[in-house]
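1. need coordinates for the below:
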Amino acid sequence: MHIAIVGNIGAGKTTLTSLLAKHLKMEPQFEAVENNPYLEDFYSDMKRWSFNLQIFFLNSRFRHIVDLQERKIDIIQDRTIYEDAYIFAENLHDMGLMTTRDFENYSNIFESIISFIKAPDLLIYLKASVPTLVNNIQLRGREYEAGIRIDYLTKLNEKYQKWIGNYKEGKLLILDKDKLDFANKPEDLGFVIEEIEKNLHGLF
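-> The predicted model follows:
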């Protein structure tokens, strides 16, 4: 069984992944903090290094998901390979930080890669308004997130809406984070678990 949780920065993916892993007895998989050889170069010259950076992320995530699928364990995953392409690489292209030639090359590599992996059994999208995202980002107080701009979060939200609106790879559950506080309200977490069970096992 493979459940994946997607959503914008500050939507609550990591929190929900931890809570569901505990309650559903699944192995949590968080975004790997890897020694990325392009990160420092990217921040000093984004346009020059955006393609290299995204290719590194794409390859790392692909190898990780292939390994997980070969191990045949029940996992709940924080963020997916799809977001690399449909959200972050596309946004870099829109911002003029990745050339059209590089973006088309990247997209072709991505399409080749995903033909070798199985989509999640259930994709959970944490939909959240920008004020909710900003509030959550401020609450967790990560220094490197302090400078995230509202227009950047808005653009990413638009990308998520477009991708989720066209998602056909498997089962999809959309949760409204503006109305749910699963971190502090057991009844909200209970609702989420119930919705997951319905989607996975058809318990209507």
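2. out of the helices and strands in this structure, which is least certain?
-> helix 39-44 (a mean of 82; mean pLDDT, DSSP states H and E).
3. just checking, next helix/strand downstream of it?
-> helix 46-71 (DSSP states H and E).
4. contacts for the very next helix or strand once past that following helix next, please.
-> Moving toward the C-terminus from helix 46-71, the first helix or strand encountered (DSSP H and E) is strand 75-78. With contact meaning Cβ atoms under 8 Å, 6 or more residues apart in numbering, strand 75-78 is reached by 1-5, 13-14, 17, 20-21, 24, 26-31, 68, 120. Glycine gets a C-beta too; all of them are placed from N, C-alpha and C.
5. can we see that at 10 Å?
-> 1-7, 13-22, 24, 26-31, 61, 64-65, 68-69, 120-124, 196 (Cβ atoms under 10 Å, 6 or more residues apart in numbering).
6. partners of it in the sheet?
-> strand 2-7 (parallel), strand 27-29 (parallel) (DSSP bridges).
7. before we move on, the earlier item: and the contacts of the least confident helix or strand of the chain?
-> Under Cβ under 10 Å, 6+ apart, the answer for helix 39-44 is 36, 48-54, 56-57, 92, 97.
8. what comes up buried for stretch 86-96?
-> 86-93 (16 or more other Cβ atoms under 10 Å).
9. whoops, I mixed them up, stretch 99-115
-> For stretch 99-115, by 16+ other Cβ under 10 Å, it's 102-103, 106, 109-110, 113-114.
10. check contacts around the residue most central in space within the chain.
-> The centre of the chain sits closest to residue 79, judged by Cα atoms, centre = their mean, with a distance of 2.8 Å. Shown in contact with residue 79 (Cβ under 10 Å, 6+ apart): 4-7, 13-14, 17, 29-32, 61, 87.
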